[in-house]
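>>> sharing a model prediction with you, sequence too.
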Amino acid sequence: MLHLADGKLVNDLSNDAYAASRQSRCRRPGRRKNTVKLYDVADLAIRNLRESVFRNSLTTIGISVGVASLVAMLSLGIGLQQLASAGCKSPGCLTLL
């Protein structure tokens, strides 16, 4: 941050020095930081859900399709593994593999 007086450079603070000086000026002992209330956060979340119904619907459909495909692939893999192990019960299985 540059401090100018009558068009002349008076002081040149780098970003770190400026931030430190700003914190020392802005912090008052015994004062809490500004906090966001839970009611405000919940109100904002509900309002955003209401305003973007189409985007939320597409996201829900995408997640549902992803979970369904994951379950299908896992069940298919487990079924094929059980089929292969059931077929290898015969004594000649090792020679075929």
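Sure thing, it's come through. Residues are numbered from 1 along each chain as shown.

>>> as a whole number, average confidence for the longest helix along the chain?
Ordering each helix of the chain by length in residues (DSSP state H) puts helix 53-87 first. Helix 53-87 comes out with an average pLDDT of 93.

>>> show me which positions of it end up buried.
Buried residues in helix 53-87, counted by 16 or more other C-beta atoms under 10 Å: none are found. No exception for glycine: its C-beta is placed from N, CA and C like everyone else's.

>>> and for stretch 40-52?
For stretch 40-52, it's none, nothing buried (16+ other C-beta under 10 Å).

>>> change the start of the numbering to 133 and stick with it
Renumbered: residue one is now 133, and that last one reads stretch 172-184.

>>> only C-alpha atoms, please: export that stretch in PDB.
Only the C-alpha atoms of stretch 172-184 are listed here, as PDB (Å, rounded to 0.1, in the frame of the first residue of the first chain):
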ATOM      1  CA  ASP A 172     -29.300 -17.500   8.100                       C
ATOM      2  CA  VAL A 173     -27.300 -20.400   6.700                       C
ATOM      3  CA  ALA A 174     -30.400 -22.700   6.600                       C
ATOM      4  CA  ASP A 175     -32.500 -19.900   5.000                       C
ATOM      5  CA  LEU A 176     -29.900 -19.300   2.300                       C
ATOM      6  CA  ALA A 177     -29.600 -23.100   1.600                       C
ATOM      7  CA  ILE A 178     -33.400 -23.500   1.300                       C
ATOM      8  CA  ARG A 179     -33.700 -20.400  -0.900                       C
ATOM      9  CA  ASN A 180     -30.900 -21.700  -3.200                       C
ATOM     10  CA  LEU A 181     -32.600 -25.100  -3.500                       C
ATOM     11  CA  ARG A 182     -35.900 -23.500  -4.400                       C
ATOM     12  CA  GLU A 183     -34.400 -21.200  -7.000                       C
ATOM     13  CA  SER A 184     -32.400 -23.800  -8.900                       C
END
